[in-house]
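Trainee: sequence unavailable; structure follows:
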């Protein structure tokens, strides 16, 4: 069982965990356990939730803490991978300079490794998933509630001096605009092209312009219920406005990724998160724009592919953080 590790994915709304084979990335038959994060009262309640998920994973798999190889935790925030300090996550209230590694190791007698969630997913996709065999230069992007990135260079995560590198979602492409990101900056790609940003943009257009769209009916008349999943459904059913939403999101992402291509000259770009399920229309819009926004003459040769692990990328990636695995 020492080859088995626990992967914990801490999100803004839920915490998920599972026992994972540290060599193959396969989740145990007991599956993934999850429960709410409870973010409104500072770090205490989410910390307790993390501990409860770890305990549930151990119990569901019939193993003790001493029988596994370690715990990997990924979290949507800048993290120092050596000290395990969580700095300032924009979507976890009160989590500033939290010594998460030390707190968890005080509760569980094993090594705990902490990293950014997109870094963890990038590692999983490179080691076992859609970017397997492309480890020289991988750009991983997750587009969902927010936008996160992870960069793999020579089969290792790009971390920077303080472990805070790779926060590509907070690169501003519209710095003089009015859309403020959760990080406090203006014009971040996350504030423009995340699922949250795109649905807010769509709802505003519908209200201001009275746009006729099947999204209203799909949301049962409540515009606040519009999601990118509904946008994808409406687009597949021929709704012109839904297709415009996807094209606009793809244009924003393509502009931004053009810059990432100029910086990293990647072998492959992997896109995960809920918005990746929009599929071909989004990927085509990204690619068409990206090649016009980079100096890289090889941009058209770069494959843009959907992540392999979907909703479990964080759990699998977190497991891959444990030293000596994979």
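Mentor: In hand now; what should we look at? All of these numbers come straight from a predicted model, not from anything done at the bench. Numbers count the residues shown, from 1 in each chain.
Trainee: residues near residue 268, how many?
Mentor: By other CB atoms under 10 Å, 22 other residues sit near residue 268. Yep, even glycine has a C-beta here, placed from its N, CA and C like the rest.
Trainee: now the element after the helix or strand containing residue 59, going C-ward?
Mentor: Element membership for residue 59 (DSSP states H and E) is helix 44-61. Later in the chain than helix 44-61, the nearest helix or strand by DSSP H and E is strand 71-75.
Trainee: how far is that next one from where the chain is centred?
Mentor: Taking the mean of its C-alpha atoms, strand 71-75 sits 13 Å from the chain's own mean (CA atoms, centre = their mean, to the nearest Å).
Trainee: how about residues contacting the following helix or strand past that strand?
Mentor: On the C-terminal side of strand 71-75, the closest following helix or strand by DSSP H and E is strand 85-86. By CB atoms under 8 Å, 6 or more residues apart in numbering, the surrounding residues in contact with strand 85-86 are 75, 77-79, 92, 95-101, 114.
Trainee: got JSON lines for those residues, with neighbour count and distance to residue 221 too?
Mentor: Formatted as JSON lines, the contacts of strand 85-86 follow (neighbours: other CB atoms under 10 Å; distance: CB to CB, whole Å):
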{"residue": "75", "neighbour count": "28", "distance to residue 221": "37"}
{"residue": "77", "neighbour count": "25", "distance to residue 221": "37"}
{"residue": "78", "neighbour count": "21", "distance to residue 221": "40"}
{"residue": "79", "neighbour count": "29", "distance to residue 221": "42"}
{"residue": "92", "neighbour count": "21", "distance to residue 221": "33"}
{"residue": "95", "neighbour count": "22", "distance to residue 221": "37"}
{"residue": "96", "neighbour count": "14", "distance to residue 221": "40"}
{"residue": "97", "neighbour count": "9", "distance to residue 221": "44"}
{"residue": "98", "neighbour count": "25", "distance to residue 221": "41"}
{"residue": "99", "neighbour count": "16", "distance to residue 221": "47"}
{"residue": "100", "neighbour count": "23", "distance to residue 221": "42"}
{"residue": "101", "neighbour count": "22", "distance to residue 221": "47"}
{"residue": "114", "neighbour count": "30", "distance to residue 221": "43"}
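Trainee: sort those by pLDDT and name the bottom one.
Mentor: pLDDT across the contacts of strand 85-86 is lowest for residue 92, at 71.
Trainee: that one is in contact with residue 78, isn't it?
Mentor: No. Counting by CB atoms under 8 Å, residue 92 sits too far from residue 78 to count as a contact (11.7 Å).
Trainee: now do the strands in the stretch 1-150 of the chain.
Mentor: Residue ranges of the strands in the stretch 1-150 of the chain, as given by DSSP state E, counting those that start in this stretch, are 4-10, 14-21, 33-36, 71-75, 85-86, 98-99, 112-116, 137-143, 147-153.
Trainee: which of the ones you listed is buried the deepest?
Mentor: strand 71-75 (a mean of 30; mean count of other CB atoms under 10 Å).
Trainee: adjacent strands (with direction) for it?
Mentor: Looking at strand 71-75 with DSSP bridges, its partner strands are strand 4-10 (parallel), strand 112-116 (parallel).
Trainee: hang on, the earlier thing: distance from the chain centre to the helix holding residue 59, please.
Mentor: The answer for helix 44-61 is 21 Å, by CA atoms, centre = their mean.
Trainee: now that helix and strand 71-75, what's the angle there?
Mentor: If you take axes from the mean of the first three to the mean of the last three CA atoms, to 10 degrees, helix 44-61 sits at 140 degrees to strand 71-75.
Trainee: now stretch 203-222: average pLDDT?
Mentor: 97.
Trainee: any chance of the strands of the stretch 1-150 of the chain in JSON lines, plus distance to residue 272?
Mentor: As requested, these are arranged in JSON lines below (distance: least, CB to CB, whole Å):
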{"stretch": "strand 4-10", "distance to residue 272": "12"}
{"stretch": "strand 14-21", "distance to residue 272": "15"}
{"stretch": "strand 33-36", "distance to residue 272": "18"}
{"stretch": "strand 71-75", "distance to residue 272": "13"}
{"stretch": "strand 85-86", "distance to residue 272": "22"}
{"stretch": "strand 98-99", "distance to residue 272": "25"}
{"stretch": "strand 112-116", "distance to residue 272": "14"}
{"stretch": "strand 137-143", "distance to residue 272": "5"}
{"stretch": "strand 147-153", "distance to residue 272": "9"}
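Trainee: name the nearest of the contacts of strand 85-86 relative to residue 302.
Mentor: residue 78 (26.9 Å; CB to CB).
Trainee: my guess is that closest one contacts residue 170. True?
Mentor: No. If you go by CB under 8 Å, residue 78 and residue 170 don't touch, sitting 9.5 Å apart.
Trainee: many thanks, I have nothing further to ask.
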